[in-house]
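below is the sequence, then the predicted model.
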Amino acid sequence: MAVSPNQGSTGGGDAVTLTGSRFTGTTGVSYGSSLAPSFTVVSDTTTATITPEATWTLLRSCLFP
């Protein structure tokens, strides 16, 4: 999965685009131990997220039902 940009501010609120596959049905996006406050599945290959407030260096997972 590609993450763009691959870094953000500690205050959160940064827009991040995830590119990969099988995003349809995603129920959440996790950065470390923090859930993204919002996300939108744009297509099966693209998801747009907003980063949570915290220092994050790694997208942890996309959650599915």
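The structure has been received and is ready for your questions.

quick one: distance of stretch 14-34 to the chain centre.
3 Å (Cα atoms, centre = their mean, to the nearest Å).

residue 34 reaches residue 28, doesn't it?
No. When contacts are counted by Cβ atoms under 8 Å, residue 34 is not listed as touching residue 28 (10.7 Å). Bear in mind the C-beta positions are built from the backbone N, C-alpha and C, glycine included.

which one's more surrounded, those two?
When residue 34 and residue 28 are compared on other Cβ atoms under 10 Å, the one with more neighbours turns out to be residue 34, at 16 against 13.

now do the contacts for the closest residue to the more buried one other than its chain neighbours.
Spatial nearest neighbour of residue 34, excluding adjacent residues (Cβ to Cβ, 6 or more residues apart in numbering): residue 52 at 4.0 Å. Contacts for residue 52 (Cβ atoms under 8 Å, 6 or more residues apart in numbering) come out as 12, 31, 34, 35, 36, 37.

the last one: neighbour count?
For residue 37, the tally of surrounding residues (other Cβ under 10 Å) stands at 13.

that one touches residue 12, doesn't it?
Yes. Counting by Cβ under 8 Å, residue 37 does reach residue 12; the two are 7.4 Å apart.

and for the two, which residues touch both?
Joint contacts of residue 37 and residue 12 (Cβ under 8 Å, 6+ apart) are 50, 52.

ok, the closest residue to residue 9 other than its chain neighbours - contacts?
Nearest residue to residue 9, sequence neighbours excluded (Cβ to Cβ, 6+ apart): residue 51, at 7.9 Å. Residue 51 makes contact with 8, 9, 12, 13, 14, 16, 31, 36, according to Cβ under 8 Å, 6+ apart.

from residue 24, how far out is residue 51?
Distance, residue 51 to residue 24, using Cβ to Cβ, to the nearest Å: 22 Å.

try residue 6
In terms of Cβ to Cβ, residue 6 sits 24 Å off from residue 24.

okay, now the unreliable bits of this structure?
55-65 (pLDDT under 70).
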